[in-house]
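[1] Next comes the sequence, and after it the predicted model I'd like to discuss.
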Amino acid sequence: MAKVVTNIVIVLLVLILFSFLGAVSFPGLPAINSSLDAFVRAFLLLLIPGIIMGVMGHFLGKGIRGIKNSFEALGLTYVSAFLLGAILALLSLLNFAYSVHVNFNWIGTTWYAQVFTIFIIGASMMLAFLV
């Protein structure tokens with residue numbers, strides 16, 4: 001249980017780091033002149049996607065570490081990294097109110113930049129679950 005909580009905290013820190021870099025944004029944060037209650041509620045609702053991503057990444061990482069063949073584990077690592085980033089991208093495309101929104105034009109406007117952005121975000125989160 002402690003490892004899952006640690007991984008969730010790492011995922012949230014990675015998402016905050018990416019928000020400073022401009023790759024993701026947190027649209028559910030209230031204005032600066034809002035009440036403290038609004039900030040607490042918005043922060044707790046922002047934790048829900050982090051918890052979901054943390055639990056999914058924990059299960060994916062546990063499955064990858066259980067595979068004995070290194071080639072299969074490497075392939076599953078890349079697929080899992082893309083899967084975690086794709087879930088965040090799907091949440092931003094469906095415009096969920098309190099989820100993290102991915103900036104698809106973070107790297108550039110070419111056709112592969114969006115896919116590469118999704119992969120970079122997912123790979124950095126998967127690093128927390130495989131180390």
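    Structure received. These numbers come from a predicted model, not from an experiment.
[2] Pop out the phi and psi values for the residue lying farthest from the centre of the chain.
    Distance to the chain centre peaks in the chain at residue 33, reaching 28.4 Å (criterion: C-alpha atoms, centre = their mean). Dihedral angles of residue 33 (phi, psi; degrees, to the nearest 10) stand at phi -90, psi 20.
[3] Can you point out the buried residues in the one helix or strand in the chain whose mean pLDDT sits lowest?
    Among the helices and strands of the chain, helix 36-65 carries the lowest confidence by mean pLDDT, DSSP states H and E, at a mean of 80. By 16 or more other C-beta atoms under 10 Å, the buried positions in helix 36-65 come out as 42, 46, 49-50, 53-54, 56-58, 60-61, 64. The C-beta positions use only the backbone N, C-alpha and C, and glycine is treated the same way.
[4] pretty sure residue 23 is in contact with residue 104, am I right?
    No - if you go by C-beta atoms under 8 Å, residue 23 and residue 104 don't touch, sitting 9.4 Å apart.
[5] Looking at the two, which one has more neighbours?
    residue 23 (21 against 16; other C-beta atoms under 10 Å).
[6] give me phi/psi at the more buried one?
    Geometry field for residue 23 lists phi and psi as phi -80, psi -30, criterion degrees, to the nearest 10.
[7] what's the answer for residue 5, then?
    Per degrees, to the nearest 10, the backbone of residue 5 is at phi -60, psi -40.
[8] All set, thanks.
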